[in-house]
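[1] Sequence first, then the predicted structure, then my questions.
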Amino acid sequence: MVNGWAIDSPAAALANGVEIVIDGRAYKLPYFLSRADVAAAKGNQAYTDCGFLAVVPRELLPMGSHTVSFRIVSADRKTYYQSPEFHVAVRLA
C-alpha cells in the first residue's frame, strides 16, 4: 500500500495528479482524498483534498529488484516533480 499527500507548492495549489513510477513506467494513483491535517499545517484550505492512497498490484512488483519513484503532476499539467528513485527487492516470504 502507498499513501501520502502531494501539492504543487510553486503554484500554491493542488497537484493535477500523482503517479508511482515502477521500473520506468508511470501509473496514476487515486488522488484528491481528504487531508484536512495537511491543509491546516500548510495554512491553505485549497490543500484539503491533497491525499493519495493505492494498493500496488502484485503483478507490478514481481520477484526481483525494482526501481521506484513518485511524480507529482503540476497544477497546470505542463511539468511534474519527481522524487529520487529508491530500490525495492521483492522476495518470497
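    Here it is on my side, so go on.

[2] Mind listing residues that contact the host helix or strand of D37?
    Assigned by DSSP states H and E, D37 belongs to helix 36-42. Under the contact criterion C-beta atoms under 8 Å, 6 or more residues apart in numbering, helix 36-42 has outside partners 5, 7, 45-48, 50-51. The way it works is simple: take the backbone N, C-alpha and C, and place the C-beta from them, glycine included.

[3] of those, buried ones?
    Listed as buried from those are 5, 7, 47-48, 50-51; burial here means 16 or more other C-beta atoms under 10 Å.

[4] Return the closest of these with respect to H66.
    Closest approach between those and H66, by C-beta to C-beta: W5, at 23.4 Å.

[5] so the residue nearest the centre of the chain bridges to which residues?
    With distances taken as C-alpha atoms, centre = their mean, V18 lies nearest the centre of the chain, 4.2 Å away. Using DSSP bridges, the beta-bridge partners of V18 come out as L29, I72.

[6] Let me see the contact set for it.
    If you count contacts by C-beta under 8 Å, 6+ apart, V18 has them with 6, 28-29, 31, 52, 70-73.

[7] Show me where this structure has its strands.
    2-5, 7-8, 13-14, 17-22, 25-29, 31-33, 51-54, 64-73, 80-82, 86-90 (DSSP state E).

[8] Now render those strands as JSON lines, adding mean pLDDT.
    Output for the strands of the chain, formatted as JSON lines (pLDDT from 0 to 100):
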{"stretch": "strand 2-5", "mean pLDDT": "93"}
{"stretch": "strand 7-8", "mean pLDDT": "96"}
{"stretch": "strand 13-14", "mean pLDDT": "96"}
{"stretch": "strand 17-22", "mean pLDDT": "96"}
{"stretch": "strand 25-29", "mean pLDDT": "95"}
{"stretch": "strand 31-33", "mean pLDDT": "94"}
{"stretch": "strand 51-54", "mean pLDDT": "92"}
{"stretch": "strand 64-73", "mean pLDDT": "96"}
{"stretch": "strand 80-82", "mean pLDDT": "96"}
{"stretch": "strand 86-90", "mean pLDDT": "95"}
